[in-house]
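Novice: quick one, what's the 3D model for this:
(2 chains)
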Amino acid sequence: MSDFPWLTVLAVVPLVGAAAVAALPSGRDLLAKQVALVVSLVPLGMTVAIALDFDKNSSSAFQFTETYQWIPQFGVSYALGVDGIALVLIALATVLTPVCILASWHEVEVGRRSVKGYVALLLLLETFMIGVFAATDVFLFYVLFEGMLVPMYFIIGSYGGPQRSYAAVKFLLYSLAGGLLMLAAVIGLYVVSDGGPQAFLFHNLVGLHMGTDTERLLFIGFFVAFAIKAPLWPVHTWLPDAAAESPPSGAVLLVGVMDKVGTFGMIRFCLPLFPDASKWAAPVVITLAVIGVIYGALLAIGQTDLKRLIAYTSISHFGFIVLGIFAMTTQAQSGSTLYMVNHGFSTAALFLIAGFLISRRGSRLISDFGGVQRVAPILAGTFLVAGLSSLALPGLSTFVSEFLVLVGTFTRYEAAAVIATLGIILASVYILLMYQRTMTGEPNEHTAKLADLNTREVWVVAPLIAVIIALGFYPKPLLDVINPAVARTMHQVGVTDPKPLTPAVGTPVGGTAK
Amino acid sequence: MSPHSVAAVHQATTFHTPSIEYSKLLPILIVLGAALVGVLVEAFMGRAWRHQAQLGIALIGLVGAFVSVVSLAGDNLVAAEGSVAVDGPALFLQGTILLLAIPGVLVTAERSLDTGGPFAPAGSSLPGSQHERLLTATGVTQTEVFPLLMFAVGGMLLFPAANDLLTMFVALEVLSLPLYLLCGLARRRRLLSQEASLKYFLLGSFSSAFFLYGVALLYGYAGTVRLSGIADAVSANTGDETLLVIGTGLVAVGLLFKIGAVPFHSWTPDVYQGAPTPITGLMAACTKVAAFGALLRFFYVGVGGMVWEWQPVLWVVAILTMLVGSVVALTQTDVKRMLAYSSIAHAGFVLVGLVATDSVTSDGEVLGVSSVLFYLLAYGFSTIGAFAVVTVVRDSAGEATHLSQWAGLARRSPLTAVVFTFFLAAFAGIPLTSGFTAKFAVFRAAWTADAGWLVVIGVVASAIAVFFYFRVVVLMFFSAPAPDGPTVAVPSPLTTLTIALSAGVTLLLGVWPSQVLELAGNASQFIR
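Specialist: The predicted structure follows:
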C-alpha cells in the first residue's frame, strides 16, 4: 500500500469529469455522454485496483487512510479510509455509475433539458457517494451526506416525470429534516467528545463515556436521519414518489446506492458510537424493520405503477437490511452488508429494464402492458432474472444475503425472523404478479410493436445480470472482505453472538480480534 | 462659558484636556473624513465627474479604513477617555462592516441597469411630478447617496466599539439617520420607498427613545453610563435593582429593534421591500453586524453580571425570532420580503450564539462571541450577494421582485439562477457553504453552554427555512418561464464583481473556514 491518495483521487475524478462535461459547449450532447462514460470508467478501474490491494487480514480498522487537518477549531479532519463494508459499497457505486450513464443515453428529451447537465449531475453524485462511504470523520461524513442531496434534488426535479417538482421537494424536505436532526446530534457528539483538533475522527469517538440520556438522544439524532434515508417504515413515504418520478438511472442511484448510506450509517456510526443506546433501541428498531418488510411487500402487491412497485419492494428489502443490522449477530450483519450490495444490483436491473420498457410504451401503468415476452424476449428474460433475484431465488445473489439475515436474526429474535420470512413469500407474489401482468399473455395493440433491447441496452443489463448470478453462486469474495469489518463492529458494540448451537455459528469469522 | 460650567471646572481639582488616541480611532475617522470630503465634492464639483469622484472617495475611504483596522489588530485598549473600546470584537466587526460596505458601495454605484442608477434623481421632487419627469429625462444621477452612505458606515463602525451608552446612542443615530433618508430614495416605486422610509424613521425614533430612556435609568442605577462602571455596580450589587432591570430591558429594546428581532421586527419586511435594493442589502448586512456588536458589548460587558436575569428573556426572543422569521417567510410572494423574513430568522440564529454566555473554551475563546462574529461575516456576504442578484432580474418596470416572475429563470439565465441558488443554500445552511459553518458555530456554542434544547429548536427552524428557500429554487429551475417574464439584465462590472466576490466568500467560508474561525476565536474577548 503506497502513500498515493487513492480515495481522494477516486472521489475527485468524477468531480473533475462533471466540471469538464458542464464546461462543454452546449449542443455537443453526444460528446458529453461519451466523455462522462469514459470518465466514469476510471473510478471503476481504480476500485478494482483498490480491491486487489485491499488486505483482508489487516489488523487496522481502515486501509488506504488519509488524514489532514481541515477545520481544527471544530475538531474536523479530512479523513478517508475504507473497511470492507465501505469498500463493497464504493464498488457498488462505481459499478452502477457507468451503467447508469450508459442506460441514460436517451433518457433526457433532446432540446427540453440540458443533456450535459444530466450526466454532469450523475458524475457529481458519484463523487459524493464515494466520499460518503470513505469518510472516517463524522463531520466530513455529515457534510457529504447532506451535500449529496443537492445533485439528486436536481436530477429528480429537472429531469423527472410529471410530478417531479413535488417529488423533489418532498425528497429534499424529508432528507434535510433528518439531516438537521443529525446536525444537532453531531454537535452534541462534539461537545461530549474529548475535543481537540481531531475530535471528529471516527476512532476518537468510539468508546466515549457519556451519560445514558445523552447517548440515547444522540443515537436518536443519528438514527432518525439514517432511518429517513434508508428508508425505514414509517418515514419511507418520500421514496415511492422520488423513485417513481426520477428518471430510471437517477432512481437506480437513489435507491441502489444513496439509500444505502442510511443503512451504512447505522452500521458504521449508530452501533459503534452509541453501543448501549443501540442495544436499548434494538427491539423498537427491529419491530419497525419487520413492519417495513411486510408493509412494503403488501403495498408493492397493490401498486399499479411499475416504478412505484419497485420502490415499495425496496422498502421491504430495506426492512431486511435494518433487521439484520440491529439483530447484532455476525451472520445477520454480514448478511445485511451483503444485502446492501445485492439489493443495489437487483434493484438497478429492475429499475433500468422497467425504464426501457416504460420509455418504449410511454406509460408506467402495469395494466398498459402484457405479452411483452413474445415480442421482446431478451427484455422479458432479463427482467425475470432481476425479479427472481429480488424475490431471493436460491442461486441468485439476494438469496444468500436474505438467508444470512434471517438465520442471524433467528438466533436472537425468533419471532421477528419468523414474521420477516413471510416477506419472502409476499415477494414472490409481487414479483411474479408483476411479471405475469406485464410480460405474459397476448400482446395488446401497443405492446405488440415493442422492440427488444438494443445492443447498448444489452450492455447495460448484462453486467448487472452477470453480477447477480455470480454473487448468487459464489459470494465468498465479498463476505471475506465484509466479515472482518463486521466482526470489528460487533466488538465495538460489545455484543457476542448468542450461545452457539453448533461450533461454526459463533466463531467470529475472519478472526481479527487481537 | 456659562456660569454652570465654570463652577464645574472649579470643582475639578485639576483640569485636563481629554486625551484622544486619534491613531486608534483612525478607521472611524477615515470613513467620516471621506464622508465630509464627499459633501464638499457634492457642493463644488461639476455634475459630469461627480459620480466617479464620489465612488472613488468612498472606496478609498473604506479600503483605507480597512487597512487601518488591520494595522490595529491585536490592540486591546479603551480609547477616547473610556468611550471607545479598541478590542478584538470591535476590530473584527469593524473589519467585517468595511469589507461588506465595499461591495455594498459597488452595487450602489451601478448605473447600467437603470438609466441614472437605482436612486431617484432628486429626493425632493414629488413622485409623478413634472419636475421628476424632467430630471429623469435628463438622466441625472443621484450622488448624494455616497456621503450619506459613508456617514452611516461611520456610525456603524462606532456602534460596536462604543464603550459607554451615550457614545452608543450617538453612533446609533449617526448610522440610522442617513439610512432613513437612503431608504426613501428609490428611483422606481417611489411611494413605496417613501413609505418605507417614513415607517423606518418613526419606528426607529421610538426605539431610539426607548434606548435613551433605558440609558437614563441605567445612569440612575449606576451613576455612570460607562459599561465598565455599570458592570462594577452590578457586581457590587448597590443601587436600585428595579432601575437596572427596567433600564436593561429598554436598552435591549432599542438594540433588538436594530437587528430586527421578534417582537421588534415589524418594520423589517416593509423597509426591506421599499428601500432601493442596494441599500436593503447594505442594511441587511452591515447594520445587522453593527447592531449585534453593540448588543454583544452591552450584554457581555455592561450587564454580564446579571446574566441570569436577561438570558431567559433572550432565549425567548431568539426562539420567537427564529420561528416567526422562518414561518412567516413561508407565505411571502415577494423576493425582497422573503429575504427580509429570512434576515429576521437569521437574527434569531445569531442570538442563539449570543445567549451562549457560558461557553468559554480552555484556551480562553468565548464561543458565544466568536460564533456570532463568524456568523455575521458569513451571513453578511451571502446577503449582499443575494440582494445584488435581485437587482439584475428586471422587467420594464424595474426589478421583478414578485416571486412568480422568477419562474423558469434557470432557462433564461442558468448562471444567475445557479448563483442565487447557491446563496439560498448558504442561507439554508447546506454544507460546503458559509451558512453551514456559521450555523454549526453558533449551535456548537449553544450546546457547549448546555442549551442543547435551543439547538434542537434552531434545527427545527432551519428545517422550516429550507422549505421557503427551496421553493424559490423550485420556481427557478423546475417551473416553466412566464411568457412576459423578466430578463436578467447585464450589469456593469461593479455588480458582477460584487456577486462574484460574495459567492467566492460564501464558498470559501464553507470549504476552508479555519483561518477566519481562528481569527474570530482570537478576537472573542472584550476589554472590560
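Novice: so where is the chain shaky, pLDDT-wise?
Specialist: Because you didn't say which chain, this covers chain A. A:1-2, A:109-112, A:499-514 (pLDDT under 70).
Novice: um, chain B though
Specialist: Residues of chain B that meet the cut-off, pLDDT under 70, sit at B:1-13.
Novice: helix or strand: which one has the residue of chain A positioned farthest from its centre?
Specialist: Using Cα atoms, centre = their mean, the residue of chain A lying farthest from its centre is A:Glu445. It sits 37.7 Å away. Here A:Glu445, judged by DSSP states H and E, is contained in no helix and no strand.
Novice: then A:Val261?
Specialist: Residue-wise, A:Val261 maps onto helix A:260-265 under DSSP H and E.
Novice: let me see the residues that make contact with that helix.
Specialist: Helix A:260-265 is contacted by residues A:85-86, A:89, A:92, A:129, A:132-133, A:141, A:145, A:148, A:222, A:225-232, A:318, A:321-322, A:325, A:336, A:340, A:344 when judged by Cβ atoms under 8 Å, 6 or more residues apart in numbering or on different chains. (Each C-beta comes from the backbone N, C-alpha and C, glycine too.)
Novice: take the residues you listed and keep only those in helices.
Specialist: A:85-86, A:89, A:92, A:129, A:132-133, A:141, A:145, A:222, A:225-229, A:318, A:321-322, A:325, A:336, A:340, A:344 (DSSP state H).
Novice: pretty sure A:Gly292 sits against A:Ser314.
Specialist: No. If you go by Cβ atoms under 8 Å, A:Gly292 and A:Ser314 don't touch, sitting 10.2 Å apart.
Novice: ok now stretch B:311-320, how far from the chain's centre?
Specialist: Distance of stretch B:311-320 from the chain centroid (Cα atoms, centre = their mean, to the nearest Å) equals 20 Å.
Novice: and that stretch with chain A, contact?
Specialist: No. Stretch B:311-320 stays out of contact with chain A when judged by Cβ under 8 Å from any Cβ of the partner chain, the minimum separation being 14.8 Å.
Novice: could I get the contacting residues of residue 358?
Specialist: Since no chain was named, I'll use chain A. A:248, A:306-307, A:364.
Novice: actually, chain B is the one I wanted.
Specialist: So B:Asp358 contacts B:368, B:448-450 (Cβ under 8 Å, 6+ apart).
Novice: tell me, which of the residues you listed make contact with chain A?
Specialist: Checking these against chain A (Cβ under 8 Å from any Cβ), the matches are B:Thr448.
Novice: out of the contacts of B:Asp358, which end up buried?
Specialist: B:368, B:448-449 (16 or more other Cβ atoms under 10 Å in any protein chain shown).
Novice: let me have those in CSV, extended by distance to B:Pro481 and secondary structure.
Specialist: Compiled in CSV, the buried ones among the contacts of B:Asp358 are given as follows (distance: Cβ to Cβ, whole Å; DSSP: H, G, I helix; E, B strand; the rest coil):
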residue, distance to B:Pro481, secondary structure
B:Gly368, 46, helix
B:Thr448, 47, helix
B:Ala449, 48, coil
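Novice: list just the nearest of those residues to chain A.
Specialist: B:Thr448 (5.6 Å; Cβ to the nearest Cβ).
Novice: can you verify my assumption that that closest one contacts B:Leu367?
Specialist: Yes. Counting by Cβ under 8 Å, B:Leu367 is a contact partner of B:Thr448 at 5.5 Å.
Novice: hey, where'd the strands end up in the chain?
Specialist: With no chain named, the answer covers chain A. A:63-71, A:76-82 (DSSP state E).
Novice: not quite, go with chain B.
Specialist: B:77-79, B:84-86, B:393-395, B:398-399, B:487-488.
Novice: may I have the phi/psi pair for A:Thr136?
Specialist: phi -110, psi 20 (degrees, to the nearest 10).
Novice: I'd like to know how many residues surround it.
Specialist: Using other Cβ atoms under 10 Å in any protein chain shown, A:Thr136 is surrounded by 25 other residues.
Novice: so it touches A:Tyr68, yeah?
Specialist: No. Shown here, A:Thr136 and A:Tyr68 do not form a contact pair, counting by Cβ under 8 Å, at 12.0 Å.
Novice: shared neighbours of these two, which are they?
Specialist: In contact with both A:Thr136 and A:Tyr68: A:Ala79, using Cβ under 8 Å, 6+ apart.
Novice: so which residue is smack in the middle of chain B?
Specialist: Nearest to chain B centroid, counting by Cα atoms, centre = their mean: B:Thr287, 2.1 Å.
Novice: now for that residue: which residues touch it?
Specialist: Counted by Cβ under 8 Å, 6+ apart, B:Thr287 has contacts B:156, B:175, B:179, B:258.
Novice: switch those over to TSV; also include neighbour count.
Specialist: Shown next, in TSV, are the contacts of B:Thr287 (neighbours: other Cβ atoms under 10 Å in any protein chain shown):
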residue	neighbour count
B:Met156	33
B:Leu175	26
B:Leu179	26
B:Lys258	25
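Novice: export those to JSON lines and append columns for distance to chain A.
Specialist: JSON lines is the format used below for the contacts of B:Thr287 (distance: Cβ to the nearest Cβ, whole Å):
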{"residue": "B:Met156", "distance to chain A": "27"}
{"residue": "B:Leu175", "distance to chain A": "31"}
{"residue": "B:Leu179", "distance to chain A": "34"}
{"residue": "B:Lys258", "distance to chain A": "29"}
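Novice: just those residues: which are in helices?
Specialist: Reading helices off those with DSSP H, I get B:156, B:175, B:179, B:258.
Novice: skipping adjacent residues, who's closest to the second one in space?
Specialist: Spatial nearest neighbour of B:Leu175, chain neighbours left out: B:Gly155 (2.9 Å); criterion: Cβ to Cβ, 6 or more residues apart in numbering or on different chains.
Novice: cool, A:Leu384 as well?
Specialist: Excluding the flanking residues, the one nearest A:Leu384 by Cβ to Cβ, 6+ apart is A:Tyr435, at 5.9 Å.
Novice: give me the number of residues near that neighbour?
Specialist: Counted with other Cβ under 10 Å, A:Tyr435 comes out at 17.
Novice: ok, now A:Thr421?
Specialist: Counted with other Cβ under 10 Å, A:Thr421 comes out at 14.
Novice: with B:Leu36 instead?
Specialist: Neighbours of B:Leu36 using other Cβ under 10 Å come to 16.
Novice: ok, it - contacts?
Specialist: Contacts here follow Cβ under 8 Å, 6+ apart; on that basis B:Leu36 touches B:Pro147.
Novice: for A:Leu365, see how far away it is.
Specialist: 75 Å (Cβ to Cβ, to the nearest Å).
Novice: and what of B:Asp363?
Specialist: For B:Asp363 relative to A:Leu365 (Cβ to Cβ), the value is 65 Å.
Novice: now do B:Lys288
Specialist: For B:Lys288 relative to A:Leu365 (Cβ to Cβ), the value is 54 Å.
Novice: that older thread, okay, the contacts of B:Asp358 in JSON lines with distance to A:Lys449 next?
Specialist: Formatted as JSON lines, the contacts of B:Asp358 follow (distance: Cβ to Cβ, whole Å):
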{"residue": "B:Gly368", "distance to A:Lys449": "70"}
{"residue": "B:Thr448", "distance to A:Lys449": "67"}
{"residue": "B:Ala449", "distance to A:Lys449": "69"}
{"residue": "B:Asp450", "distance to A:Lys449": "70"}
